[in-house]
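Q: Predicted coordinates and the sequence they were generated for:
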Amino acid sequence: MIAPIAALWLWAPLFRQHRRAYVGCALVTALLIAAPALLIYAMRSDSMDFDLLSRLQLLSGGMLATIGMGLVFALARDILWLLARLMRSTQAARWIARPRWTAGFLVMALLLNGYGLTQGTQLPAVHEHEVTLPRLPPALDGLRIGVMADIHATPVNNAVYVQGLVDRLNVAQPDMVLLPGDLIDGDAPSQWGNIAPLAHLQAPLGVWSAPGNHEYYSGYNAWAKVFSRLNLNYLANQAQVLQVRGHTLAISGVGDPAYGRLSTHNTDPSVPEGVPPDIHAVAAQIQAAGGADIHILLGHQPKMARSYAPHGVDLQVAGHTHGGHIVGMDRWLVAPANDGFVRGLYDVGAMRLFVSAGAGLWPGFAVRLGVPPSIDVLVLRAPQL
């Protein structure tokens with residue numbers, strides 16, 4: 001219902017004088033609004049070739065962003081029209097309601113979102129962030145943690161793209177690499193090659209990964225086996241305690257709230273797969289290992305941070321938001337949907353939270369305006385005495 005109502009509202013200035021154009025524009029717009037949801041259904045039902053689907057998603061996502069901007073314009077247009085009517089300025093009201101303004105703005109929005117697609121599909125730069133952790137031992141000061149979140153590898157951002165990410169992060173010489181979920185899209189048997197270059201990541205303290213919501217959509221168990229074959233140290237409600245420079249560092253990962261999905265690519269398509277986030281199990285494993293001086297958690301969705309913070313976590317590394325994609329949308333739409341977290345560093349009780357803007361692109365919405373993708377290197381700092 002939302003798609004046709006939004007389309008009828010957007011093109012309302014055409015209604016009185018251009019009825020046929022009004023109906024045609026509204027129908028096309030409604031189809032474009034509905035297209036991303038229809039393509040997601042096609043992916044999860046395995047009813048379309050995934051190579052074609054991912055490219056159609058890239059196009060439909062760009063059109064959806066254009067229409068979204070058009071609806072923001074329509075809201076501003078109608079507020080101004082209402083004010084003009086209340087002020088009994090008939091001439092101003094007619095001027096505001098001219099169809100040319102709606103058409104002209106949509107053309108500008110289309111060009112702007114075309115530019116946003118070029119920004120969203122480019123290889124990201126490496127950005128360093130200094131992160132002070134209150135419990136960090138001085139001996140671990142300067143530890144370099146590479147982060148690549150939300151790669152969403154597909155035939156669009158394929159093995160060539162992922163190899164580019166790997167090359168750029170390796171140059172930064174991280175001590176450890178963290179991959180906090182949404183590394184892939186599609187099914188493992190046909191799409192695993194897109195992330196195969198992740199096996200070439202170089203870090204003396206290892207490469208560690210955890211699931212995001214997209215790992216659950218197309219066969220969770222199959223993807224978990226792929227990550228294991230690529231030596232990505234997959235942590236789903238698991239923890240490991242490492243000896244680093246004479247101190248103990250716990251690295252852990254939790255499941256994702258999107259667990260329990262049915263998929264034609266599940267081991268048994270009638271049985272849900274995946275695990276829920278269980279911070280209690282993670283904390284118990286670390287306690288059983290004798291505790292740790294510092295605890296770093298991979299938790300894909302930042303909205304879970306307040307439930308993780310009381311369990312001895314010093315730093316949660318998250319993704320999921322893609323940084324909010326577009327300036328304005330990031331703070332007004334994406335942040336509220338994620339408990340106020342959208343990108344960068346936050347203090348959550350005694351825990352610090354880092355939310356990556358994402359190193360890749362989901363073809364379903366790849367537009368970025370003012371929020372570029374990012375490969376991140378967290379430089380850990382002990383507090384100054």
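A: Sure thing, it's come through. Only a predicted model underlies this, so the values are computations on that prediction, with no experimental measurement involved.
Q: What segments of the protein are strands?
A: For the chain, applying DSSP state E gives strands covering 125-132, 144-147, 176-179, 207-209, 238-244, 247-253, 294-298, 315-318, 344-348, 351-355, 374-381.
Q: TSV for those strands, including distance to residue 265?
A: From N, CA and C alone the C-beta is placed, and that goes for glycine too. Listed next are the strands of the chain as TSV, based on distance: least, Cβ to Cβ, whole Å:
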stretch	distance to residue 265
strand 125-132	34
strand 144-147	28
strand 176-179	21
strand 207-209	19
strand 238-244	23
strand 247-253	22
strand 294-298	24
strand 315-318	26
strand 344-348	35
strand 351-355	29
strand 374-381	29
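Q: I'd like those strands as a markdown table, with mean neighbour count, mean pLDDT and distance to residue 193 appended.
A: Formatted as a markdown table, those follow (neighbours: other Cβ atoms under 10 Å; pLDDT from 0 to 100; distance: least, Cβ to Cβ, whole Å):
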| stretch | mean neighbour count | mean pLDDT | distance to residue 193 |
| --- | --- | --- | --- |
| strand 125-132 | 14 | 98 | 25 |
| strand 144-147 | 23 | 98 | 22 |
| strand 176-179 | 27 | 98 | 17 |
| strand 207-209 | 24 | 98 | 17 |
| strand 238-244 | 17 | 97 | 26 |
| strand 247-253 | 23 | 98 | 24 |
| strand 294-298 | 26 | 98 | 24 |
| strand 315-318 | 27 | 98 | 26 |
| strand 344-348 | 14 | 98 | 33 |
| strand 351-355 | 24 | 98 | 29 |
| strand 374-381 | 22 | 98 | 21 |
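Q: Can you say which of those is nearest to residue 24?
A: strand 374-381 (41.3 Å; Cβ to Cβ).
Q: Pull the residues that contact the closest one.
A: Outside strand 374-381, the residues within contact range by Cβ atoms under 8 Å, 6 or more residues apart in numbering are 124-133, 136, 140-149, 165, 168-169, 172, 174, 315, 317, 323, 354, 356-359.
Q: again, only this time at 6 Å
A: Strand 374-381 has contacts (Cβ atoms under 6 Å, 6 or more residues apart in numbering) with 124, 126-133, 136, 141, 143-148, 168-169, 172, 174, 356-357, 359.
Q: And for stretch 63-81?
A: Residues from elsewhere that reach stretch 63-81, judged by Cβ under 6 Å, 6+ apart: 6, 9-10, 32-33, 36, 93, 96-97, 105-106, 109-110, 113, 367.
Q: Buried members of these into PyMOL, please.
A: Selection of the buried residues among those in PyMOL, burial being defined by 16 or more other Cβ atoms under 10 Å:
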select buried, resi 6+10+32+33+36+93+96+97+105+106+109+110+113+367
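Q: and the contacts of stretch 63-81, which two are the farthest apart?
A: 36 and 93 (34.5 Å).
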